[in-house]
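Engineer: Sequence and predicted model, in that order:
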Amino acid sequence: MILNNTRLADTAFFFLFLFVFPSFASADTVQLPETGQTISYYAGDDGDIRSGVPWPNPRFSSGGTGCRTDNLTGLTWAQNGNLPTGATTWEQALAYIVTLNDGAGICGHTDWRLPNANELATLINVNELNSATWLNAAGQGFSSVQTAIYWTSTTDADLTSRAWTVKMSEGDISEYNKTSSNIYMIPVRGTTSGPAPVPATGQTVPYSGTGGEDGDLKMGVPLPSTRFQVNGDGTATDALTGLVWLQNATVMPTRDPGWDADGTTNDGAVTWQHALDYIAKLNAEEYLGHNDWRLPNRNELRSLVNYESYSTTYFASLVTGYGFSNIQPNHYWSSTTRANNTGDVWTLNIWGDTIWPAGKTVPRYVWPVRSIRGIQVSPRSFNYGGVYEGDTKVQTFTVYNEGSADVAISSLSYGLAAYAALDDHCSGALLGPLETCTFDLAFKPLNTGGYGSLFILSDDTNRPSLEVLLGGDILTCSLQRDQGVQITNGQCAPDPTNCDTIQSAYDSATAADTIRVRMITFSAPNNFNLGKTITLEGGYDCSFAASTYYSTIGQLTITSGEVTISNIIIQ
């Protein structure tokens with residue numbers, strides 16, 4: 001239990017604590033997040049399968065006054081979605097970022113930027129009728145996000161007088177002339193991390209000459225230099241996402257001639273329902289030895305886009321470089337329905353990289369995908385930060401089975417003395433498809449910090465040893481533990497200022513005293529029973545100059561008096 005500015009009186013009893021710290025990005029392939037769609041409109045669609053990393057709850061948390069941090073991607077956003085007041089051109093948006101950073105910034109930070117196309121797209125929740133309304137709701141905590149189009153810092157490589165935009169109401173991703181003055185902006189900062197780090201767009205060339213655009217900053221997880229691994233069985237694995245794609249991007253006419261009777265017969269373009277029916281056919285017949293093919297969701301389909309070059313040039317490179325074939329310069333189906341018009345589905349236009357809704361009855365193309373992954377873990381990597389010697393921090397990890405077969409987890413393997421698994425529900429667990437388990441991992445530094453890996457061992461044929469990167473540092477202090485409590489007016493013996501324990505500080509305190517506690521652990525139980533009105537503050541640094549963190553104390557019982565508590569974790 002963490003208490004901040006909490007007033008407690010009379011009888012109270014507290015125990016148990018779990019605190020979660022931000023994670024950092026792994027050097028592995030990115031794990032694409034779920035789209036947010038939870039409603040299924042047809043068997044095998046996005047709402048049915050829900051492929052991807054589950055969203056954390058809450059999705060957003062406070063990043064300081066005026067900021068919201070995305071717990072899915074690690075990015076921090078301006079809370080106000082209407083900065084500066086009203087719409088701007090693209091160049092004005094970039095100029096505003098410069099002014100913002102040259103001034104006071106937002107929530108104490110002056111490293112803001114205009115988000116690139118991949119970053120801005122993460123704010124879309126396709127399960128909602130209007131993502132702007134969703135973001136402005138109390139649960140997400142934004143304000144003044146407009147039901148309008150927003151700029152990204154990513155230029156359209158085909159026509160560099162245009163830039164990519166995201167429609168914050170519905171999620172359309174398209175390009176607009178940079179001189180358009182009716183488009184809004186929302187600043188972002190930070191390095192992507194968390195369970196679903198955002199990949200870079202691929203754009204490396206700047207076009208404005210003023211700085212601050214996508215080609216200058218290149219934010220996100222870098223794209224692999226060798227993007228696909230050719231598997232030799234008619235598939236290729238994306239080294240960025242781990243997804244396995246058919247190399248034949250329009251397999252239907254060659255594998256099943258005559259099956260397509262929609263529109264132009266046997267061209268491979270079918271209605272959305274027939275696209276899902278065809279995926280079911282491939283699975284029933286275990287095409288290429290697998291029965292877990294799916295129609296890609298919106299995020300998966302969009303992951304194929306590289307904003308560095310014109311779309312047809314890039315997709316042509318997949319043909320020459322990785323053996324892909326029959327990539328149509330047209331729209332491909334995703335499995336994701338448009339929430340505010342369920343007769344539409346999100347599609348990718350290979351000809352122009354746009355994400356656009358299309359009617360479910362209009363024939364489009366089908367590009368099957370599957371995931372080689374079975375088990376996943378969130379977070380994939382974690383940094384505990386600084387911990388005082390002898391103290392402990394705990395993080396909960398969730399393991400989930402994203403594959404189509406059962407996975408038996410045998411054990412957790414780690415050789416770092418500073419770590420210990422607690423409350424382990426994963427070792428020995430059998431996870432069916434979409435099932436999860438959790439374990440807590442404690443970091444208790446002894447002589448040094450701890451950087452290394454934990455491995456989740458299982459019978460998953462694709463990833464029998466799933467690695468989790470770990471890190472943490474040891475903090476030392478010149479003060480001893482028996483000097484770790486201070487009171488403002490009362491006196492302790494033998495040192496009038498510093499007390500041995502919290503209980504002795506309380507016993508020696510006078511009315512309206514403040515008891516200050518360093519950011520270490522005092523595990524002894526405490527009984528406040530003398531009817532005093534005091535303040536108990538934790539998280540102080542070695543010199544008691546500032547409270548910047550939390551202190552952990554043992555069981556606390558209050559039988560009389562009144563105590564105002566802040567920055568205290570009660571075990």
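Structural biologist: That came in fine, so what should we check first? Numbers count the residues shown, from 1 in each chain.
Engineer: going forward, measure contacts between C-alpha atoms and count neighbours the same way
Structural biologist: Noted.
Engineer: now for the lengthiest strand in the chain, which elements pack on it?
Structural biologist: Taking DSSP state E as the criterion, the chain has its longest strand at strand 465-475. Under the contact criterion of 3 or more CA pairs under 8 Å, 6 or more residues apart in numbering; DSSP states H and E, strand 465-475 touches strand 375-378, strand 381-388, strand 452-458.
Engineer: how about 7 Å then?
Structural biologist: The contact analysis (3 or more CA pairs under 7 Å, 6 or more residues apart in numbering; DSSP states H and E) places strand 465-475 against strand 381-388, strand 452-458.
Engineer: The shortest one to strand 381-388, inter-axis angle?
Structural biologist: In terms of direction (axes from the mean of the first three to the mean of the last three CA atoms, to 10 degrees), strand 452-458 departs from strand 381-388 by 130 degrees.
Engineer: on contacts alone, who are the packing partners of strand 452-458?
Structural biologist: Judged by 3+ CA pairs under 7 Å, 6+ apart, strand 452-458 is in contact with strand 407-413, strand 465-475.
Engineer: hang on, the earlier thing: so what strands line up beside the longest strand of the chain?
Structural biologist: Strand 465-475 pairs in its sheet with strand 381-388 (parallel), strand 452-458 (antiparallel), by DSSP bridges.
Engineer: contact partners of the last one?
Structural biologist: Going back to what we said before, that points to strand 452-458. 407-414, 464-471 (CA atoms under 7 Å, 6 or more residues apart in numbering).
Engineer: what about Thr210, how many neighbours?
Structural biologist: 12 (other CA atoms under 10 Å).
Engineer: do the one 10 residues further on as well
Structural biologist: Gly220 is surrounded by 20 other residues when neighbours are defined as other CA under 10 Å.
Engineer: Which residue is the nearest non-sequential neighbour of it?
Structural biologist: Distances taken as CA to CA, 6 or more residues apart in numbering place Ala200 nearest to Gly220, at 4.0 Å, with adjacent residues excluded.
Engineer: Could you measure from that neighbour over to Ser378?
Structural biologist: Here the criterion is CA to CA, to the nearest Å. By it, Ala200 lies 21 Å from Ser378.
Engineer: related to what we said a few turns ago, what's the neighbour count on the residue nearest to Gly220?
Structural biologist: Here the number of neighbours of Ala200 (other CA under 10 Å) works out to 22.
Engineer: Okay, it and Leu556: tell me how far apart.
Structural biologist: Ala200 is 49 Å from Leu556, by CA to CA.
Engineer: Would you map the helices across the chain?
Structural biologist: Counting by DSSP state H, the chain has helices at residues 46-49, 90-102, 117-121, 131-136, 214-217, 252-255, 272-284, 298-302, 311-322, 502-508.
Engineer: now these as a markdown table including mean neighbour count and distance to Gly234?
Structural biologist: Output for the helices of the chain, formatted as a markdown table (neighbours: other CA atoms under 10 Å; distance: least, CA to CA, whole Å):
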| stretch | mean neighbour count | distance to Gly234 |
| --- | --- | --- |
| helix 46-49 | 21 | 24 |
| helix 90-102 | 19 | 43 |
| helix 117-121 | 23 | 29 |
| helix 131-136 | 21 | 38 |
| helix 214-217 | 21 | 34 |
| helix 252-255 | 15 | 12 |
| helix 272-284 | 20 | 14 |
| helix 298-302 | 21 | 19 |
| helix 311-322 | 16 | 11 |
| helix 502-508 | 21 | 68 |
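Engineer: Out of those, which is closest to Asp344?
Structural biologist: Relative to Asp344, the nearest member of the helices of the chain by CA to CA is helix 272-284, separated by 9.2 Å.
Engineer: what pLDDT, on average, does the closest one get?
Structural biologist: For helix 272-284, the mean pLDDT works out to 97.
Engineer: and the strands paired with strand 465-475, which is most packed in?
Structural biologist: Mean neighbour count (mean count of other CA atoms under 10 Å) peaks for strand 381-388 among the strands paired with strand 465-475, with a mean of 20.
Engineer: Give me the below-cutoff pLDDT ranges for the chain.
Structural biologist: 1-29, 372-373, 389-390, 404, 447, 461-463, 476-483, 497, 543, 548 (pLDDT under 70).
Engineer: What number of residues are in the vicinity of the nearest residue to Tyr310 once chain neighbours are set aside?
Structural biologist: Nearest residue to Tyr310, sequence neighbours excluded (CA to CA, 6+ apart): Asp158, at 4.9 Å. A count of nearby residues for Asp158, using other CA under 10 Å, gives 15.
Engineer: Looks like Asp158 contacts Thr312 (just checking).
Structural biologist: No - assessed by CA atoms under 7 Å, Asp158 is found out of contact with Thr312, at 9.7 Å.
Engineer: Now do the buried residues in stretch 515-525.
Structural biologist: Across stretch 515-525, burial judged by 16 or more other CA atoms under 10 Å covers 515-522.
Engineer: ugh, wrong one, stretch 459-476
Structural biologist: By 16+ other CA under 10 Å, the buried positions in stretch 459-476 come out as 459-460, 463-475.
Engineer: Bridge partners for the residue lying closest to Asp424 once chain neighbours are set aside, pull those for me.
Structural biologist: Closest residue in space to Asp424, ignoring its immediate chain neighbours: Phe439 at 4.3 Å, by CA to CA, 6+ apart. Counting by DSSP bridges, Phe439 is bridged to Phe397.
Engineer: How about Asn248: which residues does it bridge to?
Structural biologist: Under DSSP bridges, the beta-bridge partners of Asn248 are Ser325.
Engineer: how about it, what does it touch?
Structural biologist: The contact partners of Asn248, by CA under 7 Å, 6+ apart, come to 324-326.
Engineer: ok, back up a step: and the helices and strands packed on strand 465-475: which comes nearest Val53?
Structural biologist: Val53 lies closest to strand 381-388 among the helices and strands packed on strand 465-475, at 14.0 Å (CA to CA).
Engineer: Run the chain-centre distance for the closest one.
Structural biologist: On the basis of CA atoms, centre = their mean, to the nearest Å, strand 381-388 sits 18 Å off its chain's mean C-alpha point.
Engineer: Also stretch 423-430?
Structural biologist: The chain centroid and the centroid of stretch 423-430 are separated by 24 Å, computed with CA atoms, centre = their mean.
Engineer: what do you get for stretch 251-268?
Structural biologist: Distance, stretch centre to chain centre, for stretch 251-268: 39 Å (CA atoms, centre = their mean).
Engineer: any idea how far the nearest residue to Ser551 once chain neighbours are set aside lies from Thr552?
Structural biologist: Spatial nearest neighbour of Ser551, chain neighbours left out: Met519 (4.3 Å); criterion: CA to CA, 6+ apart. Counting by CA to CA, the separation of Met519 from Thr552 is 7 Å.
Engineer: repeat for Val399
Structural biologist: 28 Å.
Engineer: Tell me which of those two has more neighbours.
Structural biologist: Per other CA under 10 Å, whichever of Val399 and Thr552 has more neighbours is Thr552, with 24 against 21.
Engineer: center of this structure - which residue?
Structural biologist: For the chain, the residue nearest the mean C-alpha position is Leu72 (1.9 Å; CA atoms, centre = their mean).
Engineer: I'd say it and Ser61 touch.
Structural biologist: No - using CA under 7 Å, Leu72 is not in contact with Ser61; the gap is 10.4 Å.
Engineer: Give me the spatial nearest neighbour of Asp507, chain neighbours excluded.
Structural biologist: Once flanking residues are discounted, Asp507 sits nearest to Leu530: 7.7 Å by CA to CA, 6+ apart.
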